[in-house]
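one predicted model, sequence on top.
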Amino acid sequence: MVVKNQMKLLRWLQNQIGNAQLLRWLDKKMCVFDCRSIPDPIFIVGSPRVGSTVFFQSVIAKYQMAYLSNLHSLFFSQPCLADILVRAIKFCGFSHRHTMKSDFGYTAGVLGPSEAGATFRYWFGDADFSLNDHITNCQQVISAVATLSKSAAGPLISKNLFNSMRLKEILKCFPNAFLVWVQRDHSSTAQSILKMRRSINGTDKKWTSVSIPNQQEVLKYLPEEQVLQQILAIETYIKQYFEQHREGRTFMVSYDSFRLEPEKIIDRFIKKYSEISGYEVSIRDGFCSSVFDQVNHS
């Protein structure tokens, strides 16, 4: 009950801050407007429960990357303003202790990497198949990403699996974006999604995480079939963009292979990113490879 009350308070606070018009006005003043030298942003996609969070954590643990923190997520429509607060916190001597721990995608700490669901929904809408009256303001998004990249001296990397169903909108703004698809065998993924449903909702019958176009029809099936259809629909959607995306700006990650050799896999990914984008990504100050010992226990 305490945790639920805390989450309700955080959502209320996020709603108050994120919808504050004065803060949005200030944010526009603080974002970068010269976006010509922005490094290609990186979007991690895939089905729920495939190991995407630990891959995300591993990349930012070793490499100098910009990412949306839990504080950025609180200021979901004011990322540039939030970034000033993040820099102030770091200036005071606080930092994020990189870890491979998470709770269904949530990493603890004010500076912990966030899925930033509210931010991506604000930028790109709910999903490509459910835009309704949403119109993506690409200049606003690019300006924010440029600001974050400049501040961190590295490309923005994000992990939000709802973005798997927003690739059309994302690629409108970032045609040179680098896409990383994390995959896992369907049986293990389905079992993990059912476990997540039971943990979050108290039942495996209630839908959790990424929505799909024919969701209402799929909800008529048994839970085991629902999650399998969820996985297949997401993967089908991703596949069409991976097949047509330009100049090899894609990278596929097998979760099983990643668990065996996490550092080798992310080094291979960064090497390809650097070769394709022309941007050399630096190793983070204070990096210690022992952090990867946690991967098999994540």
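Yes, it's here.

all strands for the stretch 51-200 of the chain, in order.
For the stretch 51-200 of the chain, strands defined by DSSP state E, counting those that start in this stretch occupy the ranges 157-159, 178-183.

in terms of secondary structure, what does the longest one contact?
It stands for strand 178-183. strand 42-45, helix 52-62, helix 223-244, strand 250-254, helix 255-260, helix 262-277 (3 or more CB pairs under 8 Å, 6 or more residues apart in numbering; DSSP states H and E). No exception for glycine: its C-beta is placed from N, CA and C like everyone else's.

out of those, the one nearest residue 20 is which?
strand 42-45 (27.4 Å; CB to CB).

parallel or antiparallel, list what pairs with that closest one.
strand 157-159 (parallel), strand 178-183 (parallel) (DSSP bridges).

tell me which of those strands is the most buried.
Of all these, strand 157-159 has the most neighbours on average by mean count of other CB atoms under 10 Å, namely a mean of 25.

now the helices and strands packed on strand 178-183 in JSON lines, with mean pLDDT?
Output for the helices and strands packed on strand 178-183, formatted as JSON lines (pLDDT from 0 to 100):
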{"stretch": "strand 42-45", "mean pLDDT": "97"}
{"stretch": "helix 52-62", "mean pLDDT": "93"}
{"stretch": "helix 223-244", "mean pLDDT": "95"}
{"stretch": "strand 250-254", "mean pLDDT": "95"}
{"stretch": "helix 255-260", "mean pLDDT": "93"}
{"stretch": "helix 262-277", "mean pLDDT": "95"}
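
now those in TSV, with mean neighbour count and distance to residue 18?
Shown next, in TSV, are these (neighbours: other CB atoms under 10 Å; distance: least, CB to CB, whole Å):
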stretch	mean neighbour count	distance to residue 18
strand 42-45	26	21
helix 52-62	24	22
helix 223-244	17	26
strand 250-254	18	31
helix 255-260	16	33
helix 262-277	17	31
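
tell me which of these lies nearest to residue 121.
Of all these, strand 42-45 comes closest under CB to CB, at 14.6 Å.

for the closest one, C-alpha coordinates in CSV please.
The C-alpha coordinates for strand 42-45 follow below in CSV (Å, rounded to 0.1, in the frame of the first residue of the first chain):
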residue,chain,number,x,y,z
ILE,A,42,19.8,5.5,-30.4
PHE,A,43,16.4,3.8,-29.7
ILE,A,44,16.3,0.4,-28.0
VAL,A,45,13.1,-1.5,-29.0
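
circling back: for residue 191, which of the strands of the stretch 51-200 of the chain is the nearest?
Nearest of those (CB to CB): strand 178-183, 15.5 Å.

how far off helix 262-277 does that closest one point, in degrees?
150 degrees (axes from the mean of the first three to the mean of the last three CA atoms, to 10 degrees).
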